[in-house]
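Asker: Have a look at this fold, sequence not included:
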C-alpha cells in the first residue's frame, strides 16, 4: 500500500536513491518511485500485509520494523534520546522511564496490530493442534511484553519462591501507598489466604478485602465477602456478582491500590467487564495469572468455562491461534490504561503466566 505526497525537487533525488537501496527487497517500490518522481510526486511506503512476509533476512532473522521506512528509525532514536537527555518534568528516574515507556508502548501497539492482521502462515508458532491442550515453552506468552520497568529494588515477592509453588506473586511496591489510604482487593480465594496473611504482616495499615462467591471463608488478615466481581450487580445460582464501582461505593473506598486475582480463565472476561467501569474504579495495580490451556480444571477437578465462551469478542475468528486473542487482550489493557511491567512464566505449568499491570495514573 502506498500514499502520495508532494516533495520539493531537491528531495527527489534522495528519495529515488532510497528506493534504489531497497530494490533487492521491494522491486515494485523502485519502479513506482521512478514513475512518481517523473510526475513530481514522491513515494511514501506504508507497511501492508503483503510486506510482512517479505521482511525476512535470508538467514531467517527479522529485519527491524522500521526497515521499510528508512527515515523512521532516526525519528524513533531521536525520541528515545530526548527521554534520556531532556526528560519531561525534570531529570527524575521515573519521568525518564515514563517517557521511554510511552514510546515503547506506541511501538508495541503497532506490532500487535500487524500481528493481528498477519496471514495465518506468519503466526504458525502460536497455532494449537486439535489434539493439544497447550503449546510448549509458554510460546503464546511471548506476546506479553513489558513496556514499563518496575525498578528491581522495589519488586516485592509475596509468597513462596516459584521453585516451591506457584502461589507467589510479585508486585511493584513503589507504585502503592502503603499507608492509611492503602486498599487491597483479592479476587478468588478458594479458602486460601496466603497472600492476604503476608500482605497484612508486611503492611498492617492496609485495608484488605477478599471476594469469592463460591463459599463461606474467613481469615483474620482480611475482610471476606461472599461476592464475585462481575459486569453487573446481580444474584445468580452461582452466587452474587457486583461491579467494582459498586463494591467501592459500598465499602467507601476511593482508590483500589492493588488487586490480586487468580480466577482460572475468568480473567479473560474480567478485563472486558472493566471497560464498563469508570477510570477511577480501575485498580492502580493488578496482579493476574493468565491461562491458555484448552481444558482447565479447578482444584476440585471441575472443568472451568472456556476462555472463548467467557470473552467471545476476543476469540472471534481465532481458529485456534493464540496470537489473536492475546494481541486483542493487550489492546484491552491499553484501552483501560494499563501497561505490562513484569511477567513471570509459571514453571509448574506452561499454560499459565503471571503479569503485573500498572495503571498509567500510577506511573
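Answerer: Yep, it's here. In this text the structure is predicted, and so the values were computed from the model without any measurement. Residues are numbered from 1 along each chain as shown.
Asker: okay, CA-based contacts and neighbour counts for the rest of this
Answerer: OK.
Asker: Would you pull up how far the helix or strand harbouring residue 97 lies from the middle of the chain?
Answerer: Assigned by DSSP states H and E, residue 97 falls within helix 93-116. In terms of CA atoms, centre = their mean, to the nearest Å, the centre of helix 93-116 is set 11 Å apart from its chain centre.
Asker: Quick one: list the elements packing against it.
Answerer: helix 70-85, helix 323-336 (3 or more CA pairs under 8 Å, 6 or more residues apart in numbering; DSSP states H and E).
Asker: model confidence over the last one, on average?
Answerer: Averaging pLDDT along helix 323-336 yields 98.
Asker: who's in contact with that helix?
Answerer: Outside helix 323-336, the residues that touch it by CA atoms under 8 Å, 6 or more residues apart in numbering are 109, 112-113, 115-116, 123, 126-127, 140, 143-144, 268, 271-272, 274-275, 279, 314-315, 318, 339.
Asker: Now the buried members of those.
Answerer: For the contacts of helix 323-336, a burial check counting by 16 or more other CA atoms under 10 Å picks out 112, 115-116, 126-127, 140, 143-144, 268, 271-272, 274, 314-315, 318, 339.
Asker: Show me the helices in the stretch 201-350 of the chain, by range?
Answerer: 244-251, 267-274, 307-310, 312-315, 323-336 (DSSP state H, counting those that start in this stretch).
Asker: which ones are touching the closest residue to residue 298 other than its chain neighbours?
Answerer: Nearest residue to residue 298 in three dimensions, chain neighbours excluded: residue 304, at 6.5 Å (CA to CA, 6 or more residues apart in numbering). When the contact criterion is CA under 8 Å, 6+ apart, the partners of residue 304 are 264, 265, 295, 296, 297, 298.
Asker: likewise residue 131?
Answerer: Contact partners of residue 131, counting by CA under 8 Å, 6+ apart, are absent.
Asker: Report the separation between it and residue 320.
Answerer: 11 Å (CA to CA, to the nearest Å).
Asker: buried set for stretch 121-135?
Answerer: For stretch 121-135, by 16+ other CA under 10 Å, it's 126, 127, 128, 134, 135.
Asker: Could you single out the nearest of those to residue 185?
Answerer: residue 134 (30.1 Å; CA to CA).
Asker: Of the contacts of residue 304 - the most surrounded one?
Answerer: residue 265 (24 neighbours; other CA atoms under 10 Å).
Asker: still on that earlier bit, report the angle between the helix holding residue 97 and helix 323-336.
Answerer: Comparing the axes of helix 93-116 and helix 323-336 via axes from the mean of the first three to the mean of the last three CA atoms, to 10 degrees yields an angle of 140 degrees.
Asker: Tell me the helix or strand right after helix 93-116.
Answerer: Taking DSSP H and E, what comes next after helix 93-116 is strand 155-158.
Asker: Who are the packing partners of the helix or strand just after that following strand?
Answerer: Sequence-wise, the next helix or strand downstream of strand 155-158 (DSSP H and E) is strand 169-172. Packing partners of strand 169-172 (3+ CA pairs under 8 Å, 6+ apart): strand 155-158, strand 285-291, strand 352-359.
Asker: can we see that at 7 Å?
Answerer: strand 155-158 (3 or more CA pairs under 7 Å, 6 or more residues apart in numbering; DSSP states H and E).
Asker: Against residue 317, how distant is residue 130?
Answerer: To residue 317, residue 130 is 16 Å away according to CA to CA.
Asker: Kindly report the same for residue 147.
Answerer: Residue 147 sits at a distance of 28 Å from residue 317 (criterion: CA to CA).
Asker: Outline the domain layout of the protein.
Answerer: Per automatic domain parsing, the domain ranges recorded for the chain read 1-46, 51-117, 132-362.
Asker: Could you tell me what pLDDT the model assigned to residue 360?
Answerer: 94.
Asker: Give me the nearest residue to residue 240, chain neighbours excluded.
Answerer: residue 227 (5.2 Å).
Asker: pretty sure that neighbour contacts residue 212?
Answerer: Yes - here residue 227 reaches residue 212: they are 5.2 Å apart, a contact under CA atoms under 7 Å.
Asker: Verify the contact between residue 127 and residue 140 for me.
Answerer: No - between residue 127 and residue 140 there is no contact under CA under 7 Å: 9.0 Å.
Asker: and for these two, which residues touch both?
Answerer: residue 322 (CA atoms under 7 Å, 6 or more residues apart in numbering).
Asker: For the residue nearest to residue 240, report the pLDDT, please.
Answerer: pLDDT recorded at residue 227 is 94.
Asker: Counting neighbours, what do you get for it?
Answerer: Neighbours around residue 227, by other CA under 10 Å: 22.
Asker: Residue 198 and residue 159, how far apart?
Answerer: Distance from residue 198 to residue 159, by CA to CA: 7 Å.
Asker: now swap in residue 74 and tell me
Answerer: Going from residue 74 to residue 159 by CA to CA gives 45 Å.
Asker: same thing with residue 285?
Answerer: 18 Å.
Asker: With neighbour numbers in mind, choose between the two.
Answerer: The neighbour count for residue 285 versus residue 159, taken as other CA under 10 Å, is higher for residue 285 (26 against 19).
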